[in-house]
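**Q** my questions are about this predicted structure, shown below with the sequence.
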Amino acid sequence: MDYLILFVIVLYMLVLTSKIDSLQKRITRMNSNLIKIANQVGVPKDPLDDELRSIIEKNGKIKAIKKLREVTGLELKEAKDYVDNLK
């Protein structure tokens, strides 16, 4: 009986973990889309852009991508695309 309860708890935790992962991915995609929309409608640039440009000049794109991911939670590809498009 104890093993059955333990099995149900573990199974429930796995389902919750899967749901949380799915939600995190959706939030990341939404954040990326919001950034694209903001760029299209002319929302003033984030001060983070200037900081990222400075990091690119001093330490290279990899450090800038890492900083952007820490701040925004973007996935690697999205952060790389964002940094590549900075001018």
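**A** Alright, I've got the coordinates. Remember, it's a predicted structure, so these values are computed and weren't measured experimentally.

**Q** contacts and neighbour counts: CA atoms only from here.
**A** OK.

**Q** distance of the most centrally placed residue in the chain relative to residue 52?
**A** By Cα atoms, centre = their mean, the mean C-alpha position of the chain lies nearest to residue 74, the distance being 1.8 Å. As judged by Cα to Cα, to the nearest Å, residue 74 and residue 52 stand 14 Å apart.

**Q** return the backbone torsion pair for the residue nearest to the centre of the chain.
**A** phi -70, psi 150 (degrees, to the nearest 10).

**Q** count of neighbours near the closest residue to it other than its chain neighbours?
**A** Counting by Cα to Cα, 6 or more residues apart in numbering, residue 28 is the residue found nearest to residue 74 once chain neighbours are left out, at 5.5 Å. Counted by other Cα atoms under 10 Å, the residues lying close to residue 28 total 16.

**Q** returning to what we had before: mind listing what the residue nearest to the centre of the chain touches?
**A** For residue 74, the contacting residues are 28, 29, 31, 32, 68, by Cα atoms under 8 Å, 6 or more residues apart in numbering.

**Q** ok, of the residues you listed, which one's closest to residue 7?
**A** Sorting these by how near they are to residue 7, with Cα to Cα, puts residue 28 at the top with 31.8 Å.

**Q** OK, contacts around the closest one?
**A** Neighbour list for residue 28: 73, 74, 75 [criterion: Cα under 8 Å, 6+ apart].

**Q** quick check: residue 35 vs residue 19, distance?
**A** Applying Cα to Cα to residue 35 and residue 19 gives a distance of 25 Å.

**Q** before I go, just wanted to say thanks for your time.
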